[in-house]
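# Need a 3D model of the following:
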Amino acid sequence: MASDDVAGIRAHGGVFETMGIEASRGGLDMDVLAAATRQAVSLIQTETHRAALADPEDFDNEAVLVLLHRVLLGGEAVVDAARHGYTIAGLAADGDGELARQLAGELMSRGDGAAELAQRLGWQPDGLVCAVVASPISATAIAGAVTGTLAYFSRTDDVVVAVPLPREHLSTSIREQLDGVACVVGPAVTLDEFCDSLALAERIRDRDEARPPHPVLVDDDLLGLSCSADPMVVHALRRKHFVELDQLAPEVRSMLVTTLHAWLRHWGHRPAIAADLHVHPQTVSGRLHRLRDLLADDLEDPTTRSELLVLLTAEGAP
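Residues are numbered from 1 along each chain as shown. Prediction:
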């Protein structure tokens, strides 16, 4: 409190987070732990104030008020850290918690000790790993759903879970196990590429504002990620192809863009396009005639079709 390092109280892997982990494993109710912590804070404030009143000439009243407020903030930081620990207590088996945290730290820093720690935790020497970003509650659910011992790194707002996989598996192999768990799953990679898996998972998380109540797998959306990787390229493609389309009324533009996207996805097969859009094939033909007039390039040109598909995918066309 005196050194004004309130943020340090929330340090992940620190004593107060560990206090929450041990409280959970020991069966102590978190509300009881929080109430006891706040009672201790109240006693500290009382004693600090009493000392100031006993000899007011030796105290800077303003500094005392600042310290009292800092004690209050520190107490709530202790509660936050303990609650975080309480939530993630189920992530590692008894006795493996410290080793699991060490391994996750090595993976996230591309440390040389990851392979040795992974073997000590029981991972396959030639196995893969995928990064999963989840809330503390979801991370605990993941630990109970997947096989094997996980490594984890707790952060302020979420937990990064490292899930080991056999060499021949993709991250999609754990889709069913994670059913109903809100999280983002990066691709399966070697240990030294864990940060790359995490970076892709975070890109999906940051891109999608909604948090669906099920796992979102990077492997399911690699095309979308690659198409939106360079905003300058997407902007240039829009200028190249959509100048006239962008001048139309929003509802007309949306209808034509949706038709164009369906045409590209179904390789120009009108019955399939009509079924997808719930319209008559003749309606599809009419819209395509109009699109050919509005687009400067030939729709039969392979390069044009490829660029349009990239553009529409990047824009999130339905």
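
# mean confidence score for the helix or strand where A51 lies?
Following DSSP states H and E, one finds A51 within helix 30-54. Averaging pLDDT along helix 30-54 gives 88.

# Do a quick rundown of the strands in this protein.
Taking DSSP state E to define them, one finds strands in the chain at 128-134, 151-154, 159-165, 183-185, 215-217.

# Output those in TSV, with mean pLDDT, distance to E251 and mean neighbour count appended to each entry.
Glycine gets a C-beta too; all of them are placed from N, C-alpha and C. Putting the strands of the chain into TSV (pLDDT from 0 to 100; distance: least, Cβ to Cβ, whole Å; neighbours: other Cβ atoms under 10 Å) gives the following:
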stretch	mean pLDDT	distance to E251	mean neighbour count
strand 128-134	96	37	26
strand 151-154	88	47	25
strand 159-165	94	43	25
strand 183-185	95	33	26
strand 215-217	94	30	22
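
# Specify the stretch among the ones you listed that is closest to V41.
The closest of the strands of the chain to V41 is strand 151-154. By Cβ to Cβ, the value is 23.3 Å.

# residues in contact with that closest one?
12-13, 17, 84, 88, 91-92, 100-101, 103-105, 107-108, 118, 121, 136, 139, 143, 159-162 (Cβ atoms under 8 Å, 6 or more residues apart in numbering).

# centre of the chain versus that strand, how much separation?
Chain-centre distance of strand 151-154: 13 Å, with Cα atoms, centre = their mean, to the nearest Å.

# What of stretch 207-221?
Counting by Cα atoms, centre = their mean, stretch 207-221 is centred 9 Å from the centre of its parent chain.

# Next, the distance between the ends of that stretch.
One end of stretch 207-221 sits 12 Å from the other (Cα to Cα, to the nearest Å).

# just the helices in the stretch 101-250 of the chain please.
Shown for the stretch 101-250 of the chain, the helices assigned by DSSP state H, counting those that start in this stretch span residues 114-120, 136-145, 194-207, 222-227, 231-241, 250-265.

# For G75, find the nearest of those.
Closest of these to G75 is helix 136-145, at 20.6 Å (criterion: Cβ to Cβ).

# any idea how far the closest one is from the chain center?
Centroid separation for helix 136-145 versus its chain: 14 Å, with Cα atoms, centre = their mean.

# Let me see the mean pLDDT of it.
When pLDDT is averaged over helix 136-145, the result is 87.

# now the strands of the chain as CSV including distance to L291?
Output for the strands of the chain, formatted as CSV (distance: least, Cβ to Cβ, whole Å):
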stretch, distance to L291
strand 128-134, 39
strand 151-154, 49
strand 159-165, 44
strand 183-185, 35
strand 215-217, 32
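
# nearest to L288, of these?
Minimum separation from L288 across the strands of the chain (Cβ to Cβ) falls at strand 215-217, 33.5 Å.

# what's next to the closest one, contact-wise?
The contact list for strand 215-217 (Cβ under 8 Å, 6+ apart) reads 171-172, 175, 178-179, 181-185, 204-205, 208.

# so what's G186 up against?
C130, A131, V132, V133, S171, D196, S197, L198, A199, L200, A201, V218.

# Could I get the buried residue list for stretch 306-318?
Across stretch 306-318, burial judged by 16 or more other Cβ atoms under 10 Å covers E307, L308, L309, V310, L311, L312, T313, A314, A317.
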